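Visitor: Next input, structure requested:
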Amino acid sequence: MSVDPMHQRRNRSQPSSNNNNNRNNRNMYRNNSSFNNIESGRGSDTNANILEQQNNERINELSSQVAKLKGLTIAIGNEVNEQNSLLDNMGDSFGQTGEMLAGSLRRIGTMLETGGAKHMCYMVGFIVFVMVFLYWLMTHKGKRGV
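Guide: Presented below is the predicted three-dimensional model:
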C-alpha cells in the first residue's frame, strides 16, 4: 500500500503541532502556578483587604449621595406643598373676586333697568372721564421720567 503524500504531510505536521500545543499549555500552567502562589497566603489577604477598603469607600460615597438626594427630595416636597397651598389660596381669592364682579354686574343691570336713560348717560360719562384721566396720567408721568 502506498501512502498519499498529502496524508504524510498532515501526519508529519500533526505531531509537531501537538508538541507545540503541549509546550504552550505547560508554560501557561507554569505562569498560572505563580499566580496561585501569590493568591494563596499574604497576597490574597492583601488583595482582599484592598478590595474591601475600596468597597467601603464606594459604599460611603453612595450613602452620602443617597443622603443628599433624600434631603433634596424632602426640600422639593416641602416646596410643592407650599406652592399648592398658595395656588389654593389664589383660587379662593379669584373665586371671591368673580363673585364680587358678578354681584356688581347684577346691581349695575338692575340700576340700568330702573333708572332709564339718565343713569346710562352718567355711566358713559364716568367711563369716558376715567379713560381721559388715565390717558393724562400716563402721558404726564412719562414726561417727568418718574
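Visitor: Let me see the ranges of the helices in the chain.
Guide: Along the chain, the stretches classed as helices by DSSP state H are 5-39, 42-115, 117-144.
Visitor: And the shortest one, what does it pack against?
Guide: Using 3 or more CB pairs under 8 Å, 6 or more residues apart in numbering; DSSP states H and E as the contact test, the elements touching helix 117-144 are helix 42-115. C-beta coordinates here come from the backbone N, C-alpha and C atoms, glycine included.
Visitor: Could you do the second one as well?
Guide: Contact partners of helix 42-115 among helices and strands, from 3+ CB pairs under 8 Å, 6+ apart: helix 5-39, helix 117-144.
Visitor: now it against helix 117-144, angle please.
Guide: Angle of helix 42-115 versus helix 117-144, following axes from the mean of the first three to the mean of the last three CA atoms, to 10 degrees, is 130 degrees.
Visitor: Which one of the helices and strands packed on helix 42-115 has the poorest average confidence?
Guide: Lowest mean pLDDT within the helices and strands packed on helix 42-115: helix 5-39, at a mean of 49.
Visitor: re earlier: export the helices of the chain as JSON lines, with columns for mean neighbour count.
Guide: Below are the helices of the chain laid out as JSON lines (neighbours: other CB atoms under 10 Å):
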{"stretch": "helix 5-39", "mean neighbour count": "10"}
{"stretch": "helix 42-115", "mean neighbour count": "10"}
{"stretch": "helix 117-144", "mean neighbour count": "10"}
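Visitor: contact partners of stretch 120-131?
Guide: Stretch 120-131 has contacts (CB atoms under 8 Å, 6 or more residues apart in numbering) with 108, 112.
Visitor: Going forward, count from 359.
Guide: Understood, numbering begins at 359; the last thing we discussed is stretch 478-489.
Visitor: any idea how far residue 411 is from residue 405?
Guide: Using CB to CB, to the nearest Å, we find residue 405 at a distance of 11 Å from residue 411.
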